[in-house]
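Asks: Sequence plus the predicted model coming up.
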Amino acid sequence: MKVSDAMTSQVSVARPTDSIRKVAETMAKVDSGVVPVVDDGKVVGLVTDRDIVLRVVAEGRSFDSAVSEVMSDGEVLSVKEDDVLADATAKMANNQVRRLVVLNDAGNLTGILSLGDVAKDYGAKQVGKTLEEISQEPGEAAH
């Protein structure tokens, strides 16, 4: 199974100059705890609901500040949409992260892969396959 089979492809993004308030409103509107920050088509950071709590609320910063001041930047962990899903989940585990940005071959954002996506898609398909195998008549070959 490929990453593209499980990822969420409808992703709201922010620009580095967007206000923290605007990004928080976007999170509330789309019911997501993460928004990639994109500049010139490339992901330059991520901002999470946790970033907002720890770097804005706890430090008393203004919600009108630019999101670039509080986003997690540096190396944004990513995978390619054609990567094997099992390799992506191993990358999550090795780096102790819950999500990875998904890029196409040109390096542009095409989605986000979260642990929830993996559990929902991969888990459901695996359960279905197991149920199919259990339900087979004795002596019937597995497909």
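Replies: In hand now; what should we look at?
Asks: would you list every one of the strands in this structure?
Replies: Along the chain, counting by DSSP state E, strands occupy 34-39, 42-48, 78-80, 99-103, 109-114.
Asks: how about those in a markdown table, adding mean pLDDT?
Replies: Formatted as a markdown table, those follow (pLDDT from 0 to 100):
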| stretch | mean pLDDT |
| --- | --- |
| strand 34-39 | 95 |
| strand 42-48 | 94 |
| strand 78-80 | 97 |
| strand 99-103 | 95 |
| strand 109-114 | 94 |
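Asks: residues in contact with the residue nearest to the spatial centre of the chain?
Replies: When C-alpha atoms, centre = their mean is applied to the chain, the residue found nearest the centroid is Ile112 (3.1 Å). Contacts were defined as C-beta atoms under 8 Å, 6 or more residues apart in numbering; by that measure Ile112 touches 7-8, 11, 34, 36, 99-102. For glycine as for every other residue, the C-beta is placed from the backbone atoms N, C-alpha and C.
Asks: any low-confidence regions in this protein?
Replies: By pLDDT under 70, the weakly predicted segments of the chain are 121-143.
Asks: Apply 90 and report the result again.
Replies: The chain contains residues with pLDDT under 90 at 1, 40-41, 72-75, 86, 89-98, 114-143.
Asks: ok, the contacts of Ile112 vs Val53, which is closest?
Replies: For the contacts of Ile112, the residue nearest Val53 by C-beta to C-beta is Val34; the value is 13.1 Å.
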